[in-house]
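Trainee: This is the structure alone, sequence omitted:
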Ligand code: ZN
């Protein structure tokens, strides 16, 4: 099967071959993003490793609950827009029935890629037949939100914050548009239009976060919650999460996301046409600088 593994592009330099750790603790699978050097920025290498990990946890009948966590100071800085391991132009063995994006011209390239690695994968993980818990500390920004939002429950530390600053790129929110389902519409507008950080405490008020814990206790508190879930009947858990997900579908979540996905890609194309860059002329450095300025940090 080796000939099916796509050759790696020469200009990509991964700092690790294992951007995701898979660990088990009794009936709980811990899927841990492990690029702490880059605040767990999500490249495709990580996305496919996450998909492998979800698949493994679902396939193992001994696993009753899945936890998604991030190693280091932050849960996730979002999609990788600037590390040496940024691999947007890399071919991977795809999981969904899309064509390869790499050789597609202009706007078709990102449109195809993000259907697979962002919108498609996130929907796939959200529909996993086992309960999932996101364990969030520090930053949960942009693409990081998508990873937390696909989980059934979110436990955050006191210092966790949530932010989607991509309007600065001219883009109406990240590819998995759950904003207006996670937050009341006016709060979702504020969250997106201002692009400011939202504390875990405020997020909890809207039900976006289930529980707030100390950073020291995050792991043990999430494990304790997972063990309580694991004691419930397997099929009952699956049916119950499906029932609630179905209510979200009846409220139009999937069609809202499909509509926004196209606005998102119109914005990528507009950025490309006006600045030669689908991120509207922004990069990791300029986004970090603007975020720090907005948060009053130097
Ligand atoms: Zn995008």
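Mentor: Great, that's in hand. It should be emphasised that the depicted structure is a prediction, and the values quoted were computed from it without experimental measurement.
Trainee: any idea how far residue 48 is from residue 129?
Mentor: 20 Å (Cβ to Cβ, to the nearest Å). C-beta here means a position set from N, CA and C on the backbone, and glycine is covered the same way.
Trainee: which one of those two has more residues nearby?
Mentor: Neighbours were counted for residue 48 and for residue 129 using other Cβ atoms under 10 Å; residue 48 has more, 21 against 12.
Trainee: Quick check: residue 148 touching residue 161?
Mentor: No - here residue 148 does not reach residue 161: they are 11.6 Å apart, not a contact under Cβ atoms under 8 Å.
Trainee: Just give the closest residue to residue 251, not the sequence neighbours.
Mentor: residue 181 (7.1 Å; Cβ to Cβ, 6 or more residues apart in numbering).
Trainee: and the one you found, that one's in a helix?
Mentor: Yes - judged by DSSP: H, G, I helix; E, B strand; the rest coil, residue 181 forms part of a helix.
Trainee: Return the residues in contact with it.
Mentor: 248, 251, 253, 256 (Cβ atoms under 8 Å, 6 or more residues apart in numbering).
Trainee: count of residues packed around residue 9?
Mentor: 12.
Trainee: give the contact list for the nearest residue to it once chain neighbours are set aside.
Mentor: Excluding the flanking residues, the one nearest residue 9 by Cβ to Cβ, 6+ apart is residue 90, at 5.2 Å. By Cβ under 8 Å, 6+ apart, residue 90 lies in contact with 6, 8, 9, 12, 44, 45, 102.
Trainee: How many residues are close by residue 201?
Mentor: 13.
Trainee: now for the helix or strand harbouring it, which elements pack on it?
Mentor: Using DSSP states H and E, residue 201 maps to helix 200-205. Applying 3 or more Cβ pairs under 8 Å, 6 or more residues apart in numbering; DSSP states H and E, we find helix 200-205 packed against strand 153-157, strand 161-163, strand 211-213.
Trainee: Could you export these as TSV, including distance to residue 33 and mean pLDDT?
Mentor: Formatted as TSV, the helices and strands packed on helix 200-205 follow (distance: least, Cβ to Cβ, whole Å; pLDDT from 0 to 100):
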stretch	distance to residue 33	mean pLDDT
strand 153-157	15	99
strand 161-163	16	98
strand 211-213	19	98
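Trainee: so which of the ones you listed gets nearest residue 107?
Mentor: strand 161-163 (26.4 Å; Cβ to Cβ).
Trainee: in its sheet, what does that closest one sit against?
Mentor: In the sheet, strand 161-163 lines up against strand 139-141 (parallel), strand 198-199 (antiparallel) (DSSP bridges).
Trainee: Following element in sequence after the first one, please.
Mentor: Secondary structure here is assigned by DSSP H and E; on that basis, the next helix or strand after strand 139-141 toward the C-terminus is helix 143-149.
Trainee: who touches that following helix?
Mentor: Helix 143-149 is touched from outside by 33, 40, 42, 50, 68, 70, 74-79, 118, 122, 126, 134, 136, 140, 154, 162-164, 174-176, 178, 182, with contacts defined as Cβ under 8 Å, 6+ apart.
Trainee: Going by residue numbers, what spans are helices in the stretch 151-298 of the chain?
Mentor: Shown for the stretch 151-298 of the chain, the helices assigned by DSSP state H, counting those that start in this stretch span residues 179-182, 185-194, 200-205, 218-230, 234-250, 253-275, 284-294.
Trainee: and residue 112, which of the ones you listed is closest to it?
Mentor: Of all the helices of the stretch 151-298 of the chain, helix 253-275 comes closest under Cβ to Cβ, at 10.0 Å.
Trainee: That closest one packs against which elements?
Mentor: So helix 253-275, by 3+ Cβ pairs under 8 Å, 6+ apart, packs with helix 106-114, helix 179-182.
Trainee: got TSV for those helices, with mean pLDDT and distance to residue 16 too?
Mentor: Below are the helices and strands packed on helix 253-275 laid out as TSV (pLDDT from 0 to 100; distance: least, Cβ to Cβ, whole Å):
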stretch	mean pLDDT	distance to residue 16
helix 106-114	97	22
helix 179-182	98	31
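Trainee: could the ones you listed be laid out in a markdown table, adding distance to residue 202?
Mentor: Below are the helices and strands packed on helix 253-275 laid out as a markdown table (distance: least, Cβ to Cβ, whole Å):
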| stretch | distance to residue 202 |
| --- | --- |
| helix 106-114 | 29 |
| helix 179-182 | 12 |
